[in-house]
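# only geometry, no sequence info:
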């Protein structure tokens, strides 16, 4: 069963309207809504006094129409009475100043008073709804990610450091505090990386990112614990933000959930299809169970200014893309556009006036298609290619971008897009995920690598794996210090080379590879191959004629080291070649279309046209068109069109 | 009698110089100066101890030379001794931090201590000068507009809300605080829209703008009350800032004055002639009596960097433009350039050295011309076209610009410029001003409309008026919530259409109208005409072929709805056509010149050349050249030249 | 003896490594290192408890290898224990908020507690090392320049003002506080120029800059006094920042030192050769004794992002350039790249891994060349041309740039570059330095001039000197007020003209001079020559045909007044012509090379190729190649090459 629906806020509308809403939902094949998120001040209007009656009535009505409910714990919006009584709950910004009431996510994650109030509201909700038939699961809070720099967090950080390092001596050693005379002689001296102290010690800044991540993991665990205890039959998820907005370690946050969900707003970015595919792949990699899109864009959105409008067909296309990538549920945010509040320009499926229009119709059609497809689309295949995403590296790059022409996210996006261009199936894995069975592993800018991780990579290669390692790998210890060996440090043996020199490129630099001349930008390294052979050389600049890409055979596998940030086409060629070498190819040669094989057995072929032009897709044989229940041999996709084929 | 002079600060110069200054003024035909503005620390050097002797001497000297005096109340610059004693008088910025002493406008408008000190100094001045023959009137404070975000203002805002809404229930309902759990259960919980809380609830932000406006109205009323009471024979004005700098509701501020004044610095902007004309028209619309230019640019200006220099002829041109637009007084800011202080680069008519130069000579010539013209130029005609300016809409747009390609001021400027291009006479009216007798009314982006306002507009049309309504009208209630009807909400019937979809345009979109193809940008709406007919259609993009502009006959008049932000030329054509339909045309066909008919009976024709090239003006008959006292039949205006013709 | 070495931080490395470091230094011909800078928390790990043992061991080891030591007083980095105990030591930023611990330079210069702790650590160090044979001198603190805006500084500023002006009456007069009612009636009322008060009174802001400068001079004097007292046989210097980073009056700071040093990072700017030459000339002008480069760029650098890499040959080139400009010592920053801390990307000679590479080899070669050259290169010649640098003017320009197209530093750089283009030897002198014997003096934008200074300039000209004065000279009194005479004020007589009008140019304006048409930008003045003759006229714009540059004969000399900010080529022609008039020319005609005559007697000719292309240098006769010990008659310099010739 595929879950399909919307995020619904009945409390923001007259109760007399609920019935109509519910019937419209049913007509659009909805079987689930999310409720209760942000409703704390209605659920607990005064301290300790709970009112669930309105929510009960809403759930009952939905349930009668066959619509299940996901309940959001309302902790992203502590009520005014709570903040007024305990203003220290408000978080502090990077410059140390407190937020004021009036937005959302206005709490310090380390505040123990807030933990108590969280516990009380979550317990009350759990007790009340744990046995409700309509309530299938919980979403905890909303889009975790607000760093806090308040005194409570400073003390919590100091305690966290004490636990991590045991002694100040060890901390001073790990952070290298002899630099600039920053030796700490008492835990209380340790600051947060406030913006008022300019560029902080990078090791301190890295530990602060870890601490913030763990503080949210801990805060989530507080809620998870209550729900597991009181509502053991209902599942638990959290709605993550999309790739690039994730300031916390999502791998750690996802561990305690039953599955991951995310919020997908293509038009907040540039609606680039590979970026959307990365969004799905990234979330898919967080947890072994199929993910949900908990908030899918439903119309133009924005707080002070509006995004573009979804064009006719786009909402349907993006919804199908989620299915193609293995989603098990999809809810549009939101049902009807709010009349009031900061998000009154963030459009739902229905406009302010509440009458069903173009977007509703398109979604209703999508709902009927999903109902037809659901049986074919349980789960998704594991991809033979993996990109390794490591939050530690990401934190380190945010602290020190190293060059204005480079960012961890930008490099990651370009690598993913290179694979996507050839429809090469790729998963995004965490640094501790198993590499077993993978044909090709890509390790981008893996700054921080422990010897044990290097050993796992080496074992993977020796057993026949192909590994691609990029520049700026193996440069740091987990303390955030630079390694004192030649680069790529702990990977040098595996890659069979040393980095002789590196440079933040002031201008593009050409590289000759495979008979072609490509440009590198942002970063380049001069390689000194030892066990490796040279695959590509610089053809311009001070390093002309010297190695830029090398390859090293090791056991039954091989390692390619790419010393420069290549242009997009070069990555696409290189990775396609490397995939071909391992026998991996696109499910179907269909240039200009996104193609994915999916379903448990991989028997379903998804074709998606992310353009405003019609696109032909010549098929190698006869297929079953699952949307129209016909046989097809060749097919043309209309603009923003979708085809779902069974073999 | 036309008032002509300068803003003069005798206290900043040796008393020995005053006599020479006064004689130079007299030679330039000055008959008025403004004095005393910013002089608090000299008028009350120590708390409660007043010293008016120096001012008495200055006024007496001026009076002896036939120069009258406008006195500025000095409340824009509370003295150091007052701030040191009551630092809570200092206003707080949007981020909640207090200003420090050392600039100007450094007071919180809600501070009751400040009200007391204001009362004392204004009373003392009023008692001393109420019967002085030379003192003809008062300017209150200077350029009101500093928002304050201090705790006093927070409490005052809460009290203001209490009065407005009576109950928290009503406030919560009006603001839609169920969104994001912002329900207030005590007045003390209500915040200001500090920047530390990110994007606030738009209804709260809108009420804060209203509150700030009213706080200044109230503060002004405190001073007005004293002056009306003690100095009933002297008039009262305030020097407003130019269009675009006005953060308060000038319509409300102007109500309590005897007439409006403004500060005109063409070279702080781009000296665009239609922008300058808008400046005058905007102020002229604030009050039924003729306005003054209380500060007219006198030289290059700026605090840290200098504006351009006025070219020879420009000071004269801009002065005549004020007359053409109905000004009854004009004072240059300032007489002589200050040697010290923040404005030591803000040039007066005389340079630092005090010797009369090019700018003085030009102004002296202007003075003699004004003396000659005064008799012909009493008052100004009311224009047959009106643009409606509504501060409520403006506040709402500042809070949520809706798209980066649009601003209320930008749209307003383009509409005014479209009329100005064809020299179509236009007034800028407030939303409550009478529409009686107007041939054409233009209602731009009237977000907030009450049913009563819609009814007034409908009555105007039914009785034969022409109304042009733009996109983004009728979208909000006065609570700042979006309306829950189809757009344009309360105007839908009047306009005979519904807005089916709207979009913040990511790129220009073409519209075909009147056989031509025009571009729209920033905003577009897809219209579904009901009683209306389609006037123009989109010719590109997803809405190609669908209505963009419609027209609806109603009673004896008609309503044109323009669904997109057209390029300048399209507006000019459209509005010119609409004006022609009502028989309104330029006083004289003279492309490239600004032409205005003025004087009580409209018998004077003003021609202004805002370019560096000479421009011919073929005349349809024989005119009296009022500047040279000759008959003319055709005329060529030199660069930056002016002609004033009587019929 | 030429001092050559690096900045070394043994405390950041295992003691077992020290021996290898020392041997590598010795092999590179190092004879000096700087130690101890930033090491406070190791030298005084707990309050009052000193530990010099590690430093003793490091010095002893270096000494054994013939390497002397400069000790840095560690006061740029107060330890955490001190800040925790006295948080008021932390400085406040322009917005009044305190810094937090975690960077460097985190002290308020006016804090008396900090003075006491400074005294204790400096005394302890001085007592311990005053007689150590290896310790040749001291560097005080590091790169002074952090303005502080804390309450302590406010009180200190008020006290400083009290001393400067004696009475509030005098201060109010000097600052012109009648403007905007800022009359102070108690010293405690006087604010700092916080950013929270917007644009301050410029006189107040100027006095604050002077106060901050003097506060650092005083703080430096505290340390100088201790060292002079306890360590009379060791010299004292301070490492200044490069031209443009200097926020304090370096002339005043340099007075108390034995010589000046500076930190030279060509790749933080654009490595423009004239900019580098200006850097050396600027520091050379601070003190009569030869300067040191205390930190020379050793590799790519940056905190969060990296600069470019020095190309092969550049480190050597820049080192020789220092010698050519008269440096007596040069230390690279730093020996080995730090593994930890904010500067872990700021590369030393050795990379993180510690193995000698390309940069080390190049520096070692340079070391051997320096050893050979040292005997020839004692001291440097005084140049016949001087540019006058005045911090008072610089402060005034930073407070009010006057136009966005102009900056004091930008004008100064262009004038210096104009001389440099023709290899005309130029010194940068302070406003009080003797002008005796100079052929040509250039006075750029000398805003603030006392009558006595004008008299000295006049005497210089009357006795035969040539003086070039630019626009914006003589416009202010030393109180920061504008002069009330025609400009150039006190210089009007000397220049023989009056400035009739001036303008911040909105666009380029053409000037005809010497048969050519040049462009001026940013600023122009309309001159009215009295005793002067017109040299160049405006050929476009509103002043076409009127004087732009004039020249005035006076006594045996002459004064050229340049009324506009000319393009670079015009300055080069003008100043070359003026130099030629005085018989000054380049040591050798070698276009595209930097050429300097140096050595005590000027017998050594330095040729530097700052380009990536080889450059020929035809020689007028036979020279001794001092690097290769051969005779040469013509020479070609390789890219980034250097030649040193004896006659």
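Yep, it's here. Keep in mind that this is a model prediction, so the values were computed, not measured.

# Give me the residues contacting stretch A:572-584.
Contact with stretch A:572-584 is made by A:384-385, A:415, A:417-419, A:421-422, A:424-425, A:439-440, A:442, A:466, A:468, A:513-514, A:516, A:549, A:560, A:562, A:566, A:585, as judged by CB atoms under 8 Å, 6 or more residues apart in numbering or on different chains. Just so you know, the C-beta spots here come from the backbone N, C-alpha and C atoms, and that holds for glycine as well.

# From these, list just the buried residues.
The neighbour-count test (16 or more other CB atoms under 10 Å in any protein chain shown) marks A:384-385, A:415, A:417-419, A:421-422, A:424-425, A:439-440, A:442, A:466, A:468, A:513, A:549, A:560, A:562, A:566 as buried among the contacts of stretch A:572-584.

# Which of those residues fall in strands?
Counting by DSSP state E, the part of the buried ones among the contacts of stretch A:572-584 found in strands is A:385, A:440, A:442, A:466, A:468, A:513, A:549, A:560, A:562, A:566.

# ok now do the fifth one, which residues does it touch?
Think residue A:468. Residues counted as contacts of residue A:468 (CB under 8 Å, 6+ apart) are A:440-443, A:559-562, A:574-575, A:578.

# Residue in the stretch 401-550 of chain A with the shortest distance to chain B?
residue A:413 (21.2 Å; CB to the nearest CB).

# residues in contact with the helix or strand harbouring that residue?
Using DSSP states H and E, residue A:413 sits within helix A:408-421. Contacting residues not belonging to helix A:408-421 are listed as A:243-244, A:272-275, A:277-278, A:281, A:385, A:387, A:389, A:393-394, A:397-398, A:426, A:428, A:442, A:444-445, A:470, A:565, A:568, A:571-572, A:574-576, A:579, A:594 [CB under 8 Å, 6+ apart].

# Filter those residues down to the buried ones, ChimeraX style.
The ChimeraX command for the buried members of the contacts of helix A:408-421 (criterion: 16+ other CB under 10 Å) is given here:
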select /A:243,244,273,274,275,277,278,281,385,387,389,393,394,397,398,426,428,442,444,445,470,565,571,572,574,575,576,579,594
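
# Quickly list the domain ranges of chain A.
Chain A breaks down by automatic domain parsing into domains covering A:385-581, A:594-646.

# Mean pLDDT lowest where, among those domains?
Least confidently modelled of the domains of chain A is domain A:594-646, at a mean of 93 by mean pLDDT.

# show me the residues around the nearest residue to residue A:297 once chain neighbours are set aside that make contact.
Nearest residue to residue A:297 in three dimensions, chain neighbours excluded: residue A:265, at 4.7 Å (CB to CB, 6 or more residues apart in numbering or on different chains). Neighbour list for residue A:265: A:242, A:295, A:297, A:301, A:307 [criterion: CB under 8 Å, 6+ apart].

# Give me the distance between residue A:265 and residue A:332.
11 Å (CB to CB, to the nearest Å).

# Determine the three-state secondary structure at the closest residue to chain B within chain A.
Residue of chain A nearest chain B, by CB to the nearest CB: residue A:340 (2.2 Å). Of the three states, residue A:340 takes coil under DSSP: H, G, I helix; E, B strand; the rest coil.

# ok, residue A:503 to residue B:239 distance?
For residue A:503 relative to residue B:239 (CB to CB), the value is 59 Å.

# ditto for residue A:159
Shown here: residue A:159 relative to residue B:239, a distance of 59 Å by CB to CB.

# Just want to know which of these two has more residues nearby.
Neighbours were counted for residue A:159 and for residue B:239 using other CB atoms under 10 Å in any protein chain shown; residue B:239 has more, 25 against 13.

# Please give me every residue in contact with the more buried one.
Residue B:239 touches B:139, B:142-143, B:261-263, B:294-295, counting by CB under 8 Å, 6+ apart.

# can you count the residues close to the nearest residue in space to residue A:159 that is not next to it in sequence?
Computed as CB to CB, 6+ apart, the closest residue to residue A:159 that is not its neighbour in sequence is residue A:187, at 7.8 Å. Using other CB under 10 Å, residue A:187 has 15 other residues around it.

# Give the full set of residues in contact with residue A:187.
Residues in contact with residue A:187 (CB under 8 Å, 6+ apart) are A:158-159, A:161-162, A:168.

# Give me every residue in the stretch 51-200 of chain A that's in contact range of chain B.
Contact residues (CB under 8 Å from any CB of the partner chain) of the stretch 51-200 of chain A with chain B: A:74, A:77-81, A:83-84, A:93, A:97-104, A:106.

# Deepest-packed of the domains of chain A, please.
Scoring those by mean neighbour count under mean count of other CB atoms under 10 Å in any protein chain shown gives domain A:385-581 as the most buried, with a mean of 20.

# any idea how far that domain is from the chain center?
Centre-to-centre, domain A:385-581 and its host chain are 22 Å apart (CA atoms, centre = their mean, to the nearest Å).

# State the next helix or strand along the chain beyond the longest helix seen in chain A.
Looking across chain A with DSSP state H, the single longest helix is helix A:202-230. Going down the chain from helix A:202-230, the next helix or strand is strand A:235-237, by DSSP H and E.

# list the buried ones in that following strand?
For strand A:235-237, burial by neighbour count (16+ other CB under 10 Å) applies to A:236-237.

# Closest one of the contacts of residue B:239 to residue A:121?
Of all those, residue B:143 has the smallest distance to residue A:121: 49.6 Å, by CB to CB.

# if I look at the closest one, how far off is chain C?
Going from residue B:143 to chain C by CB to the nearest CB, to the nearest Å gives 13 Å.

# check which helix or strand covers that residue.
Per DSSP H and E, there is no helix or strand for residue B:143.

# ok, the residue in chain A that chain C sits nearest to - contacts?
Nearest residue of chain A to chain C, counting by CB to the nearest CB: residue A:176, 2.2 Å away. Residue A:176 sits next to A:201, A:203, A:479, A:481, C:12, C:338-341, C:344 when contact means CB under 8 Å, 6+ apart.

# one more time with 10 Å, if that's ok
Contact analysis of residue A:176 by CB atoms under 10 Å, 6 or more residues apart in numbering or on different chains lists A:182-183, A:201-203, A:479-482, C:12, C:338-341, C:344.

# Which residue lies closest in space to it, excluding its sequence neighbours?
Nearest residue to residue A:176, sequence neighbours excluded (CB to CB, 6+ apart): residue C:340, at 2.2 Å.

# pLDDT score for residue A:380?
So residue A:380 comes in at 71 (pLDDT).

# From residue A:598, how far out is it?
Residue A:380 sits 5 Å away from residue A:598, going by CB to CB.

# Report the set of residues contacting both of those two.
Residues touching both residue A:380 and residue A:598 by CB under 10 Å, 6+ apart: A:323-326, A:425, A:604.

# Out of the contacts of residue A:265, name the ones that lie in strands.
Per DSSP E, the contacts of residue A:265 map to strands at A:295, A:297.

# can I get the contacts of residue A:265 in TSV with distance to residue C:112?
As requested, the contacts of residue A:265 are exported to TSV (distance: CB to CB, whole Å):
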residue	distance to residue C:112
A:242	54
A:295	58
A:297	61
A:301	57
A:307	57
